[in-house]
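Colleague: need a 3D model of the following:
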Amino acid sequence: MRDVTARPRVAELTVSRPPVLTASGVADRLGAFDEEFARDGVAVSIVTSPEPPNVETLVAESGSLDALRLRATGAETRLVALGWVDAGGTLVGRRTSAHRSPSALRSQRFGLSIGRDDPDGRRRAAALRAYSSALAIAGCGLGDVHLVPIERPELDALRDGEVDVVYLPHRLTHDVARDYDVRVAIDLDTYSDPRVRINDVGPLLITACREVLEEAPDLVARFLAVLLDTSQWAAGHRRELARVVRSADGRQFPPDLHLGAHRRLGIDLTRDRFQLLAQQHRFLRTHGFLERDVDLIDWIDPAPLHAAADLLAARRIVGTGTDGASPVPSRRRAGFGSPT
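Modeller: Alright, predicted model coming up:
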C-alpha cells in the first residue's frame, strides 16, 4: 500500500457539495477536516452551492446530472466514490383530486418546469425522473400521462388547475399543504427499492480532478477516509446527527424531515450502487439531458477509496489495539460521543 500519510504538495483542497447535508457536510460541522489536515498545513475549503462544480474544483460531491455533464465535455475528472441522499421527493396534487395511489395517476396532467428559474434543466430532470419512478410502480410510464410545460412556480400552476400533479424535491410541509390546499399523492422516499428513489443526488457522485489525483493521491484518500469515518459515526449516533442537521440547515425545512432524508451517508463503489448510476445515466441520455454518453467504467478510479479504507482500518488497530472502532476525540469534545 502506498504511503497515504506523507505531506501532500497541494496546500488547499477545494471541495464543492450540493445544498443537502452530505457526509462532507457532517464532517465539516464536526471539525473532522481540520483534525485530519491542519497538522500538515492543508486548508480544506467546503463550498456549498447549487451551481455545478467547475474544472477548478479539486474534489466535488455533486448530483449525477452536473457530474456527468462535466465529464461528457471532456473534463479530466475521475469518479472515486458514490454516496446516496434520499431525495426522491414527493408528487403532490390538489386535496380535492382523486389520485390517491400510483394507479390513479394515469392520464393525469403532470407539470414540468421550463421556466427561467431552471436554465440548466436540473429541476426538470429531477421531476421527470420522479414521475417515471412513480408511474413505474403502477406499471405504466410517461407515455400514459400528459406532460404539461409550465413557466411559473409549480405549486401556483397546481393550485390554479393548470396541472393535476407536480413534483417537490422534498416532503410536503404543513405550511405548504395549508397554503396551497394540496396533499401527497406519492412519497417516493417511503419505498424500500432504491430504484424507485433514484434521483439527482441518489446516487451522489464524488469526483476528483486528475491534477490532485496525480500530485496528491494521499490527500484524496485521507479526504475519503474522513467521509468513511463520519458516515460510520453517523450510523450509530442518531441523536447527535439530528443536532448536526438542525444546526446545518434546519431553517430550510423541518429538521425531522432532514434527518429522514440523510440517514444513509455511507460512500462506496459497490456493484449495486454503480448499477443505479448506470440507470440514471441511461435515463438522462434518453431524455436529452446529456448530449453524449459517458464511459462509466473508464471514469472510475477505485484506488483512493481502497487506500482510504486501508488507512482507516490501520488507524483503528493502532488506536484501540483491536479491530474495533476507535474513539474520535474531537467529536467527544464537541459532545458527540454517546451512541444511541
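Colleague: quick one: the residue most central in space within the chain from Asp175, how far?
Modeller: Central residue of the chain (Cα atoms, centre = their mean): Val201, 3.2 Å from the mean position. Noted for Val201: a distance of 24 Å to Asp175, by Cβ to Cβ, to the nearest Å. Where you see a C-beta, it was placed from the backbone N, CA and C, and this is true even at glycine.
Colleague: burial measure for the closest residue to Asp301 other than its chain neighbours, as a count.
Modeller: Distances taken as Cβ to Cβ, 6 or more residues apart in numbering put Arg78 closest to Asp301, at 4.0 Å, once the chain neighbours are dropped. The number of residues packed near Arg78 is 20, by other Cβ atoms under 10 Å.
Colleague: and the pLDDT at Arg78?
Modeller: With respect to pLDDT, Arg78 has a value of 96.
Colleague: swap in Arg7?
Modeller: pLDDT recorded at Arg7 is 46.
Colleague: please parse this protein into its domains.
Modeller: Following automatic domain parsing, one gets these domains for the chain: 12-85+200-333, 90-197.
Colleague: by mean pLDDT, show me the worst of the ones you listed.
Modeller: When I compare the domains of the chain, domain 12-85+200-333 is least confident, with a mean of 83.
Colleague: the stretch 151-300 of the chain: strands as residue ranges?
Modeller: 165-168, 182-187, 204-209 (DSSP state E, counting those that start in this stretch).
Colleague: just checking, Arg129 touches Phe283?
Modeller: Yes: the pair Arg129 and Phe283 qualifies as a contact (Cβ atoms under 8 Å) at a distance of 6.1 Å.
Colleague: which of the two has more residues huddled nearby?
Modeller: Taking other Cβ under 10 Å, Arg129 and Phe283 do not tie; Arg129 has more neighbours (26 against 18).
Colleague: hmm, back to that, the residue nearest to the centre of the chain and Asp298: what is the separation?
Modeller: Counting by Cβ to Cβ, the gap from Val201 to Asp298 is 23 Å.
Colleague: and the strands of the stretch 151-300 of the chain: which comes nearest Arg273?
Modeller: strand 204-209 (9.8 Å; Cβ to Cβ).
Colleague: who are the packing partners of the closest one?
Modeller: Packing partners of strand 204-209 (3 or more Cβ pairs under 8 Å, 6 or more residues apart in numbering; DSSP states H and E): strand 59-62, helix 64-72, strand 77-83, helix 217-236.
Colleague: that one vs helix 64-72, what angle?
Modeller: With axes from the mean of the first three to the mean of the last three Cα atoms, to 10 degrees as the basis, strand 204-209 and helix 64-72 are set at 30 degrees to each other.
Colleague: ranges for the strands of the stretch 1-150 of the chain?
Modeller: 12-17, 43-48, 59-62, 77-83, 90-94, 109-113, 146-150.
Colleague: turn those into JSON lines, columns for distance to Asp272.
Modeller: Putting the strands of the stretch 1-150 of the chain into JSON lines (distance: least, Cβ to Cβ, whole Å) gives the following:
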{"stretch": "strand 12-17", "distance to Asp272": "23"}
{"stretch": "strand 43-48", "distance to Asp272": "28"}
{"stretch": "strand 59-62", "distance to Asp272": "20"}
{"stretch": "strand 77-83", "distance to Asp272": "10"}
{"stretch": "strand 90-94", "distance to Asp272": "25"}
{"stretch": "strand 109-113", "distance to Asp272": "29"}
{"stretch": "strand 146-150", "distance to Asp272": "30"}
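Colleague: looking at those, spot the one closest to Ala313.
Modeller: Relative to Ala313, the nearest member of those by Cβ to Cβ is strand 77-83, separated by 16.5 Å.
Colleague: centre of the chain to the closest one, how far?
Modeller: Counting by Cα atoms, centre = their mean, to the nearest Å, strand 77-83 is centred 12 Å from the centre of its parent chain.
Colleague: repeat that for stretch 18-28.
Modeller: Distance, centroid of stretch 18-28 to centroid of chain: 9 Å (Cα atoms, centre = their mean).
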